[in-house]
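# fold the stuff below for me.
(one chain, ligands or ions: 2)
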Amino acid sequence: MKCVSCQLFLAQKLVALILYVAVFTSAACAQDFRVTLLGTGNPRPVMSRFGPSILVEAGKEKLVFDCGRGATQRLYQLKIPFSAITGLFLTHLHSDHTVGIPDLWLTGWVMGRATPLQVWGPEGTEAMMAHLKEAYAFDIHIRRDVDTKLPAAGAEVIAKDIEEGVVYESAGVKVTAFLVDHGEVKPAFGYRIDHGGHSALSGDTRPTENLIKFAQGTDVLIHEVIDPQAYAETVTSDSPEQRKKTIEHHTTPEQAGTIFTRVKPKLAVYSHIVPPDVPEVIPHTRKTYAGPVEVGEDLMSIEIGDKITVRRPSQ
Ligand SMILES: [Zn+2]
Ligand SMILES: [Zn+2]
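Ligands and ions are numbered 1, 2, ... in the order given. Just a heads-up that it's a prediction; the model follows:
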């Protein structure tokens, strides 16, 4: 439900966005827009950072962006009912961003979701979800038709291959996909979420002008990062050529700092941190950026209102 002051707030934010003037004048709905980092890691299966996944709660919408390892456990930890999740948006189809989908989809069904899981993602998403349905045909048949007779609709998936542009709009929440540059991994998207306040997340990408364009006016910019030196020291299974390629598909702290300086978010946040422990990430960022920046951690939440409030799970 949207109050009059919220509508006024929206109008003010729209003007601010058009003029690229970051003046925010209303405290309305401050707790109405919250981003929670479910997983801030990448393929490495460490306990300290689960696979990449971000929950965006905006009004009555609960949107999940990427579904890495452990996303379902994090949602359960937050006591988010699986039936309340509006949909899943994928930045790209690398396995670290998708390996948690069967868990969210099927465990969500077992634990009460009686409607299809909706999934938006780059070309290949529809095919991947259709193949997952085939892979889990035995379980779906048993639970739906034979054993506990779970509601049939909850085992369904509505998947959509998307292109750049607005991909979702409901109840005052707008999700816009924009192309990023993840090397040969094409297409790969970042997403911008507008709901009074503005938030953008990068997905996996190396520096790209398109992100800077689409992220303009955002309050919070969540960006991936790789520390090339720390990565090279910790990853010994890759050849030097493979390592070089991986580094080239991501963004260094110095490069991210330049992006933050140009976007000027109220808060920049690192997630998808490669490798998981990068002690130098902030000092390197400070070479090119002087503004607010946080190194994300699993279950850290960011409330977006007239001010930005960060809560870490230890607090
Ligand atoms: Zn990744
Ligand atoms: Zn990737």
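# the residue of the stretch 1-150 of the chain at minimum distance from ligand 1: which element?
Across the stretch 1-150 of the chain, no residue is closer to ligand 1 than residue 96, which sits at 4.5 Å (Cβ to the ion). Backbone N, C-alpha and C define where each C-beta goes, glycine included. With elements delineated by DSSP states H and E, residue 96 resides in helix 95-98, which encompasses its position.
# hmm, back to that, count the neighbours of the residue lying closest to the residue of the stretch 1-150 of the chain closest to ligand 1 once chain neighbours are set aside for me.
Nearest-residue entry for residue 96: residue 43, 4.3 Å, with adjacent residues in sequence omitted and distances by Cβ to Cβ, 6 or more residues apart in numbering. The tally of other residues near residue 43 (other Cβ atoms under 10 Å) stands at 14.
# related to what we said a few turns ago, check the gap between the residue of the stretch 1-150 of the chain closest to ligand 1 and residue 46 for me.
Applying Cβ to Cβ, to the nearest Å, one obtains 12 Å for the distance of residue 96 from residue 46.
# comparing these two, which shows the higher neighbour count?
For the pair residue 96 and residue 46, the greater number of neighbours falls to residue 96 (21 against 11), based on other Cβ under 10 Å.
# roughly how far apart are that one and residue 216?
Taking Cβ to Cβ as the measure, residue 96 falls 28 Å from residue 216.
# for residue 287, same thing?
23 Å.
# residue 89 now?
The gap separating residue 89 from residue 216 is 20 Å, by Cβ to Cβ.
# and what of residue 199?
Where residue 216 is concerned, residue 199 sits at a distance of 13 Å (Cβ to Cβ).
# name the helices or strands packed onto the helix or strand harbouring residue 271?
Secondary structure assigned from DSSP H and E places residue 271 in strand 267-274. Under the contact definition 3 or more Cβ pairs under 8 Å, 6 or more residues apart in numbering; DSSP states H and E, strand 267-274 sits against strand 220-226, helix 253-263, strand 293-295.
# how about the CA coordinates for the helix or strand just after that strand, as CSV?
Beyond strand 267-274 in the direction of the C-terminus, DSSP H and E gives the next helix or strand as helix 281-285. C-alpha atoms of helix 281-285 as CSV (Å, rounded to 0.1, in the frame of the first residue of the first chain):
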residue,chain,number,x,y,z
VAL,A,281,40.5,-4.1,-1.0
ILE,A,282,39.8,-0.8,0.8
PRO,A,283,43.3,0.6,0.6
HIS,A,284,43.4,-0.1,-3.1
THR,A,285,39.9,1.4,-3.6
